[in-house]
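>>> Task: produce atomic coordinates for the following.
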Amino acid sequence: MEFEEFIKRVSASFGLNLEGYKETQLKRRIEGLMRSLGVADYQTYYRLITSDAEQKKKFLDRITINVSEFFRNPEAFAYLAKEILPELAGTGTRLKVWSAGCANGVEPYSLAILLYELAPRGGYLLEATDIDDQVLAVARDGKYPETLLRNLSQAYRQKYFIPSDGFYAVKPILKQNLVFRHHDLLLDTFGQGYDLIVCRNVTIYFTRETQENLYRKFHQALRPGGVLFVGATESILQYRQFGYEKIASWFYRKG
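This is a model prediction of the structure:
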């Protein structure tokens with residue numbers, strides 16, 4: 001199996017969109033993993049990552065550069081700020097937003113910055129959920145090393161953060177309309193009436209069947225015209241089948 005065929009099969013099996021990666025860098029990451037396992041060819045490695053859950057996780061972590069940081073993929077958040085949020089806010093009602101699989105909190109706080117900029121009087125409710133109580137504790141605390149703030153402008157740093165013992169603590173204004181809670185995407189019920197659901201770099205860890213089930217459940221949880229925002233390496237291939245309209249890369253509107 002050649003590298004191109006390997007990528008096609010991986011993309012189909014895991015629901016990934018790897019078109020944005022430079023081939024040389026992607027190939028180097030993958031072959032580094034193969035060498036560490038003593039695997040000599042793509043065919044054998046493909047069989048391994050599609051049959052061994054632990055190796056699949058290591059593969060996905062490596063190729064997606066699994067790092068949480070504020071405004072991860074800045075171009076996506078720029079589109080969200082300029083196009084999506086103003087349109088959603090145009091209904092005049094209080095925005096209801098869900099950050100699903102929020103990890104250490106940098107994603108919901110990134111959203112909180114944009115929402116506060118849009119509606120400083122608190123015209124929004126932001127829910128942030130994760131299955132891991134340890135990372136939720138970090139999220140509630142809201143203190144981060146400077147390395148995670150590299151995509152933030154100096155103006156945003158000064159407006160929304162307080163330097164504290166080598167870390168940056170989010171200011172209370174970002175927590176006013178933000179609620180963190182435990183939630184299992186596979187077992188727990190979903191809320192309803194969301195204007196925006198943000199679930200990025202989460203579904204890549206699930207089987208195709210589970211992914212499709214989640215996309216259906218997200219669709220049910222959105223209000224008519226609501227938007228689902230997915231990760232940069234994720235793509236809903238059969239989005240019409242689930243009732244979505246594709247607005248732009250990573251953004252899908254409920255029809």
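
>>> Secondary structure element for residue 227, which one?
Residue 227 belongs to strand 222-230 when assigned by DSSP states H and E.

>>> ok, residues contacting the helix or strand that that strand is followed by?
Using DSSP H and E, the helix or strand that follows strand 222-230 in sequence is strand 244-248. Residues from elsewhere that reach strand 244-248 (C-beta atoms under 8 Å, 6 or more residues apart in numbering): 79, 83-84, 215, 219, 227-228, 236, 239, 252-255. To be clear about C-beta, it is placed using only N, CA and C from the backbone, and glycine gets the same treatment.

>>> same thing but at 10 Å, please
With contact meaning C-beta atoms under 10 Å, 6 or more residues apart in numbering, strand 244-248 is reached by 76, 79-80, 83-84, 87, 215, 218-219, 222, 225, 227-229, 235-236, 238-240, 251-255.

>>> Filter these down to the buried ones.
Buried by 16 or more other C-beta atoms under 10 Å: 76, 79-80, 84, 215, 218-219, 222, 227-229, 235-236, 239, 251-254, out of the contacts of strand 244-248.

>>> distance of residue 70 from residue 130?
Distance, residue 70 to residue 130, using C-beta to C-beta, to the nearest Å: 17 Å.

>>> With residue 219 instead?
Distance from residue 219 to residue 130, by C-beta to C-beta: 21 Å.

>>> what does residue 145 give?
Distance from residue 145 to residue 130, by C-beta to C-beta: 20 Å.

>>> One more: residue 211?
In terms of C-beta to C-beta, residue 211 sits 18 Å off from residue 130.

>>> got the contact list for the residue located most distally from the centre of the chain?
For the chain, the residue at maximal distance from the C-alpha centroid (C-alpha atoms, centre = their mean) is residue 40, at 32.6 Å. Residue 40 sits next to residue 34 when contact means C-beta under 10 Å, 6+ apart.
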